[in-house]
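Colleague: Show me the folded form of this:
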Amino acid sequence: MVGTVLILGGNGRFGRNAAEAFWNAGWRIRLFDRAKDDLMQAAQGADVIVNGWNPAYPDWAAQVPTLTEQVIAAAQQSGATVIVPGNVYVFGKDAPDRFGPDTAHGATNPLGRIRVEMEAAYRASGVPVILLRAGDFLDTAASGNWFDLQMAPTLRKGVLTYPGNPDVPHAWAYLPDLARAAVALAERRAHLPRFADIAFPGFTLTGREMAALSGKVLDRPIRVRRMVWWPLRLVSPVWRMGAKLLEMRYLWDKPHHLSRDGFDRLLPGFVETDVTEALASAIAPVLSEKTGRPTQGRAAQGQATAA
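Modeller: Below is the predicted model of the structure:
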């Protein structure tokens with residue numbers, strides 16, 4: 001069941017990949033331009049609204065509630081289903097290792113609470129919502145996420161710079177796969193619950209496993225070096241982004257993975273990209289850049305969540 005999709009944040013990571021996936025599936029695409037478009041007008045006639053808006057961490061408190069209200073209002077008026085790329089922040093430090101729709105939203109930190117309240121607003125709104133939850137992103141472009149700004153540039157020197165304990169499993173999502181899953185769920189929207197909270201399993205990798213796979217891609221040995229966090233602690237009193245990155249540091253040392261039970265039940269025929277192929281696609285644009293390894297500040301500025 002195809003139709004018309006309105007993409008919010010079409011130049012962003014999820015929005016760009018979603019636009020391509022919907023286009024490839026035969027949907028009519030509308031890309032929203034915040035500089036000149038009116039959201040209520042743009043949403044008229046749309047069957048699906050993809051909310052790819054994701055402000056920088058320091059702006060979440062001021063902007064996320066307002067943007068959420070605007071998207072809900074547009075969906076209420078148009079009757080569209082909203083697709084929201086969810087993240088794992090809602091679960092908090094003390095959550096079990098398995099993240100799924102039945103896992104309590106126990107986050108107590110500020111960024112986590114903002115996401116908890118955002119999801120609660122969507123759930124209470126009554127509009128049809130598909131919340132597709134994923135881990136950290138692997139992209140096919142150097143789009144400003146943890147992998148391409150902090151971890152992969154040092155592969156030139158045979159090193160994967162890892163932000164946490166390299167022996168702890170961490171959840172990853174290859175964006176083209178995540179976008180294809182969003183399209184498949186949109187096409188089944190008539191058969192989904194009014195609020196569908198769906199975990200995207202993606203890849204679960206330790207830092208050492210990622211280094212080994214990167215070595216396979218590059219055909220050379222890759223060792224793991226732990227990222228140094230103390231510069232962020234030094235600048236965090238005067239740099240809001242640094243403080244927010246430190247707030248979420250726990251996810252790099254907390255074992256976690258996304259449950260696949262509900263996803264496989266809804267999309268039993270979905271085939272994910274081979275993990276080595278996905279990593280190759282994520283590594284190539286980083287190593288093809290002529291600039292050297294980004295500074296820790298640049299990496300932090302580009303830090304992306306799974307939302």
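Colleague: Roughly how far does the nearest residue to Trp229 once chain neighbours are set aside sit from Ala73?
Modeller: Nearest residue to Trp229, sequence neighbours excluded (CB to CB, 6 or more residues apart in numbering): Arg249, at 6.6 Å. Yep, even glycine has a C-beta here, placed from its N, CA and C like the rest. Arg249 is 35 Å from Ala73, where distance means CB to CB, to the nearest Å.
Colleague: Strands of the stretch 51-200 of the chain, start to end?
Modeller: 81-86, 98-99, 129-133, 136-138, 159-162, 170-174, 195-199 (DSSP state E, counting those that start in this stretch).
Colleague: who does the longest one pair up with?
Modeller: The pairing partners recorded for strand 81-86 under DSSP bridges are strand 48-51 (parallel), strand 129-133 (parallel).
Colleague: Let's have the ones you listed in JSON lines, adding mean pLDDT and mean neighbour count.
Modeller: JSON lines is the format used below for the strands paired with strand 81-86 (pLDDT from 0 to 100; neighbours: other CB atoms under 10 Å):
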{"stretch": "strand 48-51", "mean pLDDT": "98", "mean neighbour count": "29"}
{"stretch": "strand 129-133", "mean pLDDT": "98", "mean neighbour count": "25"}
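Colleague: Output the ones you listed in a markdown table; the columns should cover distance to Leu192.
Modeller: Shown next, in a markdown table, are the strands paired with strand 81-86 (distance: least, CB to CB, whole Å):
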| stretch | distance to Leu192 |
| --- | --- |
| strand 48-51 | 12 |
| strand 129-133 | 6 |
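Colleague: among those, which is nearest Ser288?
Modeller: Ser288 sits nearest to strand 48-51 of all the strands paired with strand 81-86, at 28.3 Å, using CB to CB.
Colleague: on that earlier part again, what's the closest of the strands paired with strand 81-86 to Arg208?
Modeller: Across those, closest to Arg208 is strand 129-133 (CB to CB), at 25.4 Å.
Colleague: just how off-centre is the closest one within its chain?
Modeller: From the chain centre to the centre of strand 129-133 is a distance of 12 Å (CA atoms, centre = their mean, to the nearest Å).
Colleague: Please identify the buried residues of the longest helix seen in the chain?
Modeller: The longest helix of the chain (DSSP state H) is helix 60-78. Buried residues in helix 60-78, defined by neighbour count with 16 or more other CB atoms under 10 Å: 60, 64, 67-68, 70-72, 74-75, 78.
Colleague: in the chain, which spans are helices?
Modeller: Going by DSSP H, the chain shows helices at 13-24, 39-43, 60-78, 110-125, 146, 175-186, 207-218, 230-235, 240-247, 261-266, 275-287, 296-301.
Colleague: Out of those, flag the one nearest Gly100.
Modeller: Closest among these, once you apply CB to CB, is helix 261-266, at 6.8 Å.
Colleague: Quick one: mean pLDDT for the closest one?
Modeller: For helix 261-266, mean pLDDT rounds to 95.
Colleague: what's the longest helix of the chain in contact with?
Modeller: 8, 39-40, 42-46, 49, 51, 53, 55, 80-82, 110-111, 114-115, 117-118, 121-122, 125-128 (CB atoms under 8 Å, 6 or more residues apart in numbering).
Colleague: Go ahead and confirm Glu272 touches Asp177.
Modeller: Yes - contact status for Glu272 versus Asp177: in contact at 5.0 Å, counting by CB atoms under 8 Å.
Colleague: Which one of the two is surrounded by more residues?
Modeller: Ranked by neighbour count (other CB atoms under 10 Å), Glu272 and Asp177 place Asp177 first, with 22 against 18.
Colleague: if I look at that one, how far off is Gly202?
Modeller: 7 Å.
Colleague: Quick check: neighbours shared by the two?
Modeller: Glu272.
Colleague: What is the burial count for Ala21?
Modeller: Using other CB under 10 Å: Ala21 sits among 23 other residues.
Colleague: Now do the contacts for the nearest residue to it once chain neighbours are set aside.
Modeller: Computed as CB to CB, 6+ apart, the closest residue to Ala21 that is not its neighbour in sequence is Ala179, at 3.7 Å. Ala179 makes contact with 14, 17-18, 20-22, according to CB under 8 Å, 6+ apart.
Colleague: Mind pulling up the pLDDT for Ala179?
Modeller: pLDDT, read off for Ala179, is 98.
Colleague: same question, Gln301
Modeller: For Gln301, pLDDT reads 37.
Colleague: do the same with Gly292
Modeller: We have a pLDDT of 41 for Gly292.
Colleague: picking up where we left off before, could you tell me how many residues sit around the residue nearest to Trp229?
Modeller: Arg249 has 15 nearby residues by other CB under 10 Å.
Colleague: Please apply the same query to Ala104.
Modeller: Counted with other CB under 10 Å, Ala104 comes out at 11.
Colleague: can I assume it is in contact with Arg98?
Modeller: No - under the criterion of CB under 8 Å, Ala104 makes no contact with Arg98, lying 11.9 Å away.
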